[in-house]
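A.B. asks: Got a predicted structure here, sequence first:
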Amino acid sequence: MKLQFAIDTLSTEKALELAAAAAAHVDILELGTPLIKSEGLSAITALKEAHPDKVIFADLKTMDAGELEADIAFGAGADLVTVLGAADDSTIAGAVKAAKKHGKGIVVDLIGVADKAARAQQVIGLGAEFVEMHAGLDEQAQEGYSLDSLLTDGAASGVAFSVAGGVNASSIAAVQASGAQVAVAGSAIYSADNVGDAAAALRAAIV
């Protein structure tokens, strides 16, 4: 299982600092949606130039104009770009078309989708690289939130999936046991006193 670091900050400078601290222990560096909205495509380019050996994941959460938005992100240096699972099939197919042109990949983010397992199967059929079983920060903040439903949905989907929704040192083993190809950790790394040590601990927990 691969480890993805979701860098949820608002400046390219801070993102580069966090990435440098964690890069030795992670496979995928993700530019969070707020970072891209704050800094623009230049943040993607900066991260790719700093870490050409890493997979750069641009979390655009595209809902429309799939081919256009994916094309500009790939042109800026992204290796993977997200489209929302709630988007129309034509939007996802358009993004996949752009990905094929660049030799890159589309990840479909299932945040807010009620039947994640069923939609996962549909979008893989449209050409997505994998799907992300995702609970956003607002959902995670609600009383009684649990990662378990994401793991269940991922396992039930029968397709390649990642898990994002509060993955940490205590839950990453369960994420791997569910069959996930990628574990996405954000605050478990960037909120730690020592970012490098936190990333190393998550890497060590993957067997």
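C.D. replies: That came through fine. Predicted model only: the values in this text are computed from it and were never measured.
A.B. asks: My read is that Met63 contacts Ser90, right?
C.D. replies: No: at 11.9 Å, Met63 and Ser90 do not qualify as touching, with contact defined as CB atoms under 8 Å. (Glycine included, C-beta is placed from N, CA and C.)
A.B. asks: Who does the strand ranked longest in the chain pair with, and is each partner parallel or antiparallel?
C.D. replies: The single longest strand within the chain, with elements called by DSSP state E, is strand 55-62. Sheet pairing here is set by DSSP bridges, and for strand 55-62 it gives strand 28-31 (parallel), strand 80-84 (parallel).
A.B. asks: Just give me the neighbour total for Ala86.
C.D. replies: Residues near Ala86, counting by other CB atoms under 10 Å, number 16.
A.B. asks: same thing with Pro34?
C.D. replies: The burial count for Pro34: 13, using other CB under 10 Å.
A.B. asks: ok, now how distant is it from Ala98?
C.D. replies: Distance check for Pro34 against Ala98: by CB to CB, to the nearest Å, it reads 23 Å.
A.B. asks: excluding its backbone neighbours, what's nearest Gly165?
C.D. replies: Nearest residue to Gly165, sequence neighbours excluded (CB to CB, 6 or more residues apart in numbering): Ala135, at 3.4 Å.
A.B. asks: Can you list the residue ranges for strands in the chain?
C.D. replies: Under DSSP E, the chain gives strands at 2-7, 28-31, 55-62, 80-84, 105-109, 130-134, 161-164, 182-185.
A.B. asks: want to try a markdown table for those, with distance to Ala155 and mean neighbour count as columns?
C.D. replies: Shown next, in a markdown table, are the strands of the chain (distance: least, CB to CB, whole Å; neighbours: other CB atoms under 10 Å):
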| stretch | distance to Ala155 | mean neighbour count |
| --- | --- | --- |
| strand 2-7 | 17 | 22 |
| strand 28-31 | 21 | 25 |
| strand 55-62 | 23 | 25 |
| strand 80-84 | 21 | 26 |
| strand 105-109 | 17 | 26 |
| strand 130-134 | 10 | 27 |
| strand 161-164 | 9 | 28 |
| strand 182-185 | 14 | 26 |
